[in-house]
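# What follows is a predicted structure for the sequence shown.
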Amino acid sequence: MENILNNPYRILGILAGASNNQIREAANRLIQLIKAGIPLPIDFSFPSLGTLNRTVDTVQEARSNLDTDTQKMQWSLFWFWNGYDITDEAAFESLKDNNMDIEHAFNVWNNVVAETRGGKRYWRDITERNFSAYHNLFVLEMLRQNGNKEHAIVANLKFIESGYFSSFTEKAIDKYFKTTAKEQQYYFLEEVGKEIKQKNSILTLPRFRSLLQGLKFVSKDDFFKQLHSTQTTEDVKAEIQKAKSKRAKSKREEKPSDTYTAGKALHENTKKQLDQIKAYCEELHYTSVADEVAIELRLCSIDFFNKSNDYKKAKELITFAKDTAAGMQLKVQIENDMKNLDDIGGGRKEEEPGNGKKKAPIGEKPEGKINIEAEIAICRKKREDKAAAAYDAGKTLYENTKDILRLLNELADSVEKIPNMNDFRKTLMKMANEVVQELVLCSGLFFDYCHKNVQNEDFYVKVIHLLDMAKSIADDSNKKQILALLKKVKETALLQKIAFLKEVKKMLDWLHNNNMSRYESLSRNVVKSIQMQFPDQIVGIIKESTNNKQLSKYKKLVDTVFKLLYQPCVPEVSYLKWWKKIPWFLSNAWWIFGFIGGVIGVIVGGTGPIIIGVTAGIVLGWIVKAASK
């Protein structure tokens, strides 16, 4: 099972329940060994249970996948845990042993969770001494070549539902972590179901359903509702695909009646299923599926009328689309289509006189449609599943919604006769604000993730890009918030780069004093690090900073680093320095001119001339200094 074979705990060679320090230390140790080419030690990765290719990248990813308590909880459901030393440690040693005694580990756990009477297997009562064995047996059986997958699933369900599960979450995750057996059972079964659907398991989906039907567990009703709604959604999408195929075929064969038949069949075959999805699923999911059906019904109406000019049947199909649509923007679009159909068709079935051409009520539109609510939901799920994907998720959300938001905005501004247009404008503003807020959340999550893991050297550029995208579609109230965030991110970037340059300076100082023999080669390595930390966009951000104090520190550090570097390497990073070196006289012009002005004032005589002379000198000095930059 993929969740077990490539479990972050397994990759790091540790058991579920490891502390944050243990996770960090395990990752750092493995990275050092891998980079040095040293064979990895025997640990809790148990190579005997399946191949495991550990690289620097996979270790870093494993560490990041255990950042939050929720992530730890989810991955702990699919990895070994030491809950009772006497049995668990003995089994772990068998799995780590060079003899790879998997059967011995199986017997250790199996004997304390089950017994055989009269040739039948019975589960023992769950106690403090064997409850971790139920969980560990599940993990082992899912990996064991001849393991009983049905017994494994039942064992873990019993483990999660037992009164000792709270003890597991407290010891393995955190005593303040709040969850329920129902919630974790649901997640566990959902992941097992995904594995079965990908055909990575010897257990079939019908057998999985049959197994669960015969059990009693707390999440059973909710899980089967979701299972049913998932199957229903798949059935609806199959009907949509069937209608698309028939419509495409009728276009090729010029049989418009087949398009009408396909549209009508789609409406009749999906009506009950959509009602079920609406009853069991979240609104966003229902809206997305219902709109897919409505889009195909609308396209059937367009194609049919274009080829037949049959107003009555075309109106029937577009009415089906109107009744099915759930998203606001699609409803408005269909309302407009119906108005055009009434204006052009008006019940006439004959061709327009004079030119012999049939007129379509609505122009051809691309078959794809962006549903903003669904796009936001997709983006949210991607960033919640994996913080490292927050930038790509936000960028995709912006690319997929910017055009439709612009078009809807133009529609709201130009069309005045559509009923409830003010309500539509409010809805549009709400949708735009939701996109903006999602982009801001993506930027914050991506910033926090990268700031902690430092796996993406240009992450400041990406964070700023997300905020710039949000700013481009934000209203005035949101723009203020985004501008404040942009300023904060840019200031943080400047401070972080200053800190990096300080470390570079220390390293180069050390090279000068202790290791001149490797000065040239190590200087070149330093240059590569600088280039990674300072892409052109970062230098541009620093250049625009209004924090003169920090900017002055940056400039001084760059000048110092350039002096300490092996000089032939300096041109490779010269882009860090955009300013010119100011002569001593010009950099101190303000007080020099002020002094001269004061002297002239003294010569002229009187307090007034002195004050005027000093003031004029200082002002002139600042002008000269500024002009020299």
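Thanks, I have the structure now.

# Low-confidence bits of the stretch 451-600 of the chain, can you list those?
Along the stretch 451-600 of the chain, segments meeting pLDDT under 70 span 451-457, 514-518, 580-599.

# Kindly report the same for the stretch 201-350 of the chain.
In the stretch 201-350 of the chain, residues with pLDDT under 70: 201-202, 280, 282, 284, 328-329, 345-350.

# try 50
For the stretch 201-350 of the chain, applying pLDDT under 50 flags the ranges 347-350.

# Show me the helices in it, by range?
Applying DSSP state H, counting those that start in this stretch to the stretch 201-350 of the chain gives helices spanning 205-213, 220-253, 256-280, 283-308, 311-324, 328-344.

# same question, the stretch 401-550 of the chain
Remark: helices assigned in the stretch 401-550 of the chain by DSSP H, counting those that start in this stretch are 421-453, 459-473, 476-514, 519-533, 536-543, 548-564.

# got it, and the stretch 1-150 of the chain?
Under the criterion DSSP H, counting those that start in this stretch, helices of the stretch 1-150 of the chain are mapped to 2-5, 8-12, 20-36, 56-64, 69-76, 85-96, 102-113, 131-143, 149-161.

# To Ser229, which of these lies closest?
helix 149-161 (21.3 Å; C-beta to C-beta). For every residue, glycine as well, the C-beta is placed using N, CA and C.

# Mean neighbour count and distance to Ala114 added to the helices of the stretch 201-350 of the chain, as a markdown table?
Formatted as a markdown table, the helices of the stretch 201-350 of the chain follow (neighbours: other C-beta atoms under 10 Å; distance: least, C-beta to C-beta, whole Å):
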| stretch | mean neighbour count | distance to Ala114 |
| --- | --- | --- |
| helix 205-213 | 14 | 16 |
| helix 220-253 | 16 | 22 |
| helix 256-280 | 19 | 36 |
| helix 283-308 | 23 | 40 |
| helix 311-324 | 20 | 52 |
| helix 328-344 | 18 | 55 |
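
# now the residue nearest the centre of the chain, nearest residue through space, not along the chain?
The centroid of the chain falls nearest to Arg383 when counting by C-alpha atoms, centre = their mean (2.4 Å). Closest residue in space to Arg383, ignoring its immediate chain neighbours: Ala390 at 4.1 Å, by C-beta to C-beta, 6 or more residues apart in numbering.

# In contact with the residue nearest to Thr560 when sequence neighbours are not counted, which residues are there?
Among residues not flanking Thr560 along the chain, Lys505 sits closest, at 5.7 Å (C-beta to C-beta, 6+ apart). Lys505 makes contact with Leu557, Thr560, Val561, Leu564, according to C-beta atoms under 8 Å, 6 or more residues apart in numbering.

# residue contacts, the third one?
With contact set as C-beta under 8 Å, 6+ apart, Val561 has these partners: Leu501, Val504, Lys505, Leu508, Ile530.

# Closest one to Asn65 out of the residues you listed, please.
Using C-beta to C-beta, Ile530 comes nearest to Asn65 of those, at 30.3 Å.

# Near that closest one, how many other residues are there?
20 (other C-beta atoms under 10 Å).

# do you know how far it is from Asp337?
58 Å (C-beta to C-beta, to the nearest Å).

# on that earlier part again, what would the contacts of Lys505 look like in JSON lines with distance to Asp67?
Output for the contacts of Lys505, formatted as JSON lines (distance: C-beta to C-beta, whole Å):
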{"residue": "Leu557", "distance to Asp67": "32"}
{"residue": "Thr560", "distance to Asp67": "36"}
{"residue": "Val561", "distance to Asp67": "33"}
{"residue": "Leu564", "distance to Asp67": "37"}
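
# Which one (most neighbours) among the residues you listed?
If you count neighbours using other C-beta under 10 Å, the busiest of the contacts of Lys505 is Val561, which has 21 neighbours.

# From Ser574, how far out is that one?
The spacing between Val561 and Ser574, counted by C-beta to C-beta, is 12 Å.

# Over to Lys251?
Distance from Lys251 to Ser574, by C-beta to C-beta: 61 Å.

# Likewise for Gly394?
Using C-beta to C-beta, Gly394 is found at 34 Å from Ser574.

# Mind checking which of those two has more residues around it?
Taking other C-beta under 10 Å, Gly394 and Ser574 do not tie; Gly394 has more neighbours (29 against 10).

# Look at the residue lying closest to that one once chain neighbours are set aside and say how many residues are nearby.
Once flanking residues are discounted, Gly394 sits nearest to Cys442: 3.3 Å by C-beta to C-beta, 6+ apart. Per other C-beta under 10 Å, the neighbour tally for Cys442 reads 31.

# ok, the closest residue to Leu77 other than its chain neighbours - contacts?
Distance criterion C-beta to C-beta, 6+ apart; nearest residue to Leu77, sequence neighbours excluded, is Phe188 at 5.3 Å. The contact partners of Phe188, taken as C-beta under 8 Å, 6+ apart, are Leu77, Asn156, Leu157, Ile160.

# got the contact list for Ser545?
Neighbours of Ser545 in contact, by C-beta under 8 Å, 6+ apart: Lys490, Glu491, Leu494, Leu551.

# Which one of those is nearest to Ala314?
For the contacts of Ser545, the residue nearest Ala314 by C-beta to C-beta is Lys490; the value is 55.6 Å.

# okay but the closest one is in contact with Ile464, surely?
Yes. Assessed by C-beta atoms under 8 Å, Lys490 is found in contact with Ile464 at 7.0 Å.

# what touches both of the two?
Common neighbours of Lys490 and Ile464 (C-beta under 8 Å, 6+ apart) are Ile541.

# Thought Leu445 was touching the residue nearest to the centre of the chain, still the case?
Yes. Arg383 lies in contact with Leu445 (C-beta under 8 Å); the separation is 5.5 Å.

# Need the residues touching each of the two.
Among the neighbours of Arg383, those also in contact with Leu445 (C-beta under 8 Å, 6+ apart) are Ala390.

# quick one on the thing from earlier: of the contacts of Val561, closest to Pro41?
Val504 (34.0 Å).

# where's that closest one relative to Ser574, distance?
Counting by C-beta to C-beta, the gap from Val504 to Ser574 is 15 Å.

# residues contacting the residue nearest to Val526 when sequence neighbours are not counted?
Sequence neighbours aside, Val504 is the residue nearest to Val526 in space, at 6.0 Å (criterion: C-beta to C-beta, 6+ apart). By C-beta under 8 Å, 6+ apart, the residues touching Val504 are Val526, Ser529, Ile530, Val561.

# likewise Glu572?
Residues in contact with Glu572, defined by C-beta under 8 Å, 6+ apart, are Val527, Gln531.

# can you give me phi and psi for it?
The phi/psi pair for Glu572 (degrees, to the nearest 10) reads phi -70, psi -20.

# From Ile530, how far out is it?
Glu572 is 8 Å from Ile530, by C-beta to C-beta.

# Likewise for Ile302?
Taking C-beta to C-beta, one finds Ile302 at 58 Å from Ile530.

# ok, for Phe46, nearest residue in space, not its chain neighbours?
Leu95 (4.6 Å).

# right, and that neighbour touches Leu49 too?
Yes. At 6.9 Å, Leu95 counts as touching Leu49 under the criterion of C-beta under 8 Å.

# Common neighbours of the two, please.
Common contact partners of Leu95 and Leu49 (C-beta under 8 Å, 6+ apart): Ile102.

# count of residues packed around the closest residue in space to Phe459 that isn't next to it in sequence?
With sequence-adjacent residues excluded and distances taken as C-beta to C-beta, 6+ apart, Phe459 is closest to Cys450, at 3.6 Å. Look at Cys450: counted by other C-beta under 10 Å, it has 21 neighbours.

# doesn't Leu466 make contact with Cys450?
No. Judged on C-beta under 8 Å, Cys450 makes no contact with Leu466 at a distance of 11.9 Å.

# quick one, phi/psi of the closest residue to Lys96 other than its chain neighbours?
Leaving aside its chain neighbours, Lys96 sits nearest to Ile42 (5.5 Å; criterion: C-beta to C-beta, 6+ apart). Dihedral angles of Ile42 (phi, psi; degrees, to the nearest 10) stand at phi -70, psi 120.
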